[in-house]
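# Quick one: sequence and predicted model below, then my questions.
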Number of protein chains: 2
Amino acid sequence: MAKPIKHILRKKAIFKVNGSLWIECEGNRFFGPGPVELLERIIDTGSINQAAKQMKMSYKKAWEIIHVLNEHSAHPVVIMQSGGQRGGGSLITKEAIQLINYHRSLRKRFKKFLENETEKLSF
Amino acid sequence: MAKPIKHILRKKAIFKVNGSLWIECEGNRFFGPGPVELLERIIDTGSINQAAKQMKMSYKKAWEIIHVLNEHSAHPVVIMQSGGQRGGGSLITKEAIQLINYHRSLRKRFKKFLENETEKLSF
DNA sequence: TTTCGTTATTTCTTATAAAATATAACGGTT
DNA sequence: AACCGTTATATTTTATAAGAAATAACGAAA
């Protein structure tokens, strides 16, 4: 069992072990919480533009995220269409849904890890 | 068991689950890999200035890291002295050593977590 | 009192990232 | 052909972070 370090830290202050998680390909990360939320909002709105606006993200950045996602996937996760009756739109594939589900379960496990480590700080 | 997602990702590319970890106090992080290495180099050199140079970090940034560390600790982790025969110097307390050891064990556990998750990607 | 290399602090400059802006292309409908 | 709202892309501007540089303070020793 690791030694607790709470006695070293300032009293009356709340300390937490926290972190971030992502999937990377050859060193550069391409899938994390941001892209997941973007995919979810594309489901709702049917448009990269609308999804980006909801997240207060520039269209450009949203487009880049999607672009990288598609690049790293065996099959596209977002189908984009420009032009047409309503100007176009985007929709996600079943692979995207699987990615979302995977990420949810991954985050659950990570959350547990962090909570466990935060407890260890004190005891 | 979570569904694997490898079949979704691009072939012939190596994917990894990776992340970063830190301790935070009321929302702002103050202790991670950087500060640990800095402490270690202060042990070796006896000087914030030398330690910063080894890490190709500005003295200012190093000083700020140490400052925040001391601020969040019940007792200082680095004792700094300016002036004197050789201009001064810094040395770390036993609390700092405990912090270093804690962080090492924490990173070990995190590494294991990440490796486990990376395996899960494929199977 | 001068010297030394460090700590301590401010200011200025540079580099990087993010955001905003502008413009073109698209294609179904009217 | 004109219109629409989207995708697609380049350019410019802004904001933020990082870095460099400059200067003062420190105090033991010679």
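Received the coordinates, thanks. Residues are numbered from 1 along each chain as shown, chains lettered A, B, ... in the order given.
# which residue ranges form the helices in chain A?
A:33-45, A:48-54, A:59-71, A:94-122 (DSSP state H).
# I would like the residues contacting the shortest one, please.
Counting by CB atoms under 8 Å, 6 or more residues apart in numbering or on different chains, helix A:48-54 makes contact with A:38, A:41-42, A:44-45, A:58-59, A:61-63, A:66, A:78, A:80, A:90, all of which sit outside it. Placement of C-beta: from N, CA and C, glycine included.
# Each with direction, which strands does the longest strand seen in chain A pair with?
Identified as the longest strand of chain A according to DSSP state E is strand A:15-25. Strands adjacent to strand A:15-25 in the sheet, as given by DSSP bridges, are strand A:28-31 (antiparallel), strand B:15-25 (antiparallel).
# Quick one: mean pLDDT for it?
Average pLDDT, strand A:15-25: 91.
# related to what we said a few turns ago, for the helices of chain A, which one sits closest to B:Arg107?
Of all the helices of chain A, helix A:94-122 sits nearest to B:Arg107, with 10.9 Å by CB to CB.
# same for that closest one, what does it pack against?
With contacts taken as 3 or more CB pairs under 8 Å, 6 or more residues apart in numbering or on different chains; DSSP states H and E, helix A:94-122 sits against strand A:15-25, helix A:33-45, strand B:15-25, helix B:94-122.
# ok, the longest strand of chain A near DNA strand C or not?
No: for strand A:15-25 and DNA strand C, the contact criterion (CB under 7 Å from any atom of the strand) is not met; the two come no nearer than 13.1 Å.
# and the worst-scoring helix or strand of chain A on mean pLDDT, does that touch DNA strand C?
Within chain A, no helix or strand scores below strand A:28-31, which has a mean of 82 by mean pLDDT, DSSP states H and E. No: applying CB under 7 Å from any atom of the strand, one finds strand A:28-31 separated from DNA strand C by no less than 11.2 Å.
# if we can go back for a sec, save the helices of chain A as TSV, and put in mean neighbour count too.
Output for those, formatted as TSV (neighbours: other CB atoms under 10 Å in any protein chain shown):
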stretch	mean neighbour count
helix A:33-45	18
helix A:48-54	19
helix A:59-71	16
helix A:94-122	16
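# how about the ones you listed, which one is nearest A:His7?
helix A:94-122 (9.7 Å).
# what about the closest residue to DNA strand D within chain A, distance to A:Pro76?
Closest to DNA strand D within chain A is A:Gly87: 2.1 Å, counting by CB to the nearest atom of the strand. According to CB to CB, to the nearest Å, A:Gly87 and A:Pro76 sit 20 Å apart.
# neighbour-wise, which of the two wins?
A:Pro76 (15 against 10; other CB atoms under 10 Å in any protein chain shown).
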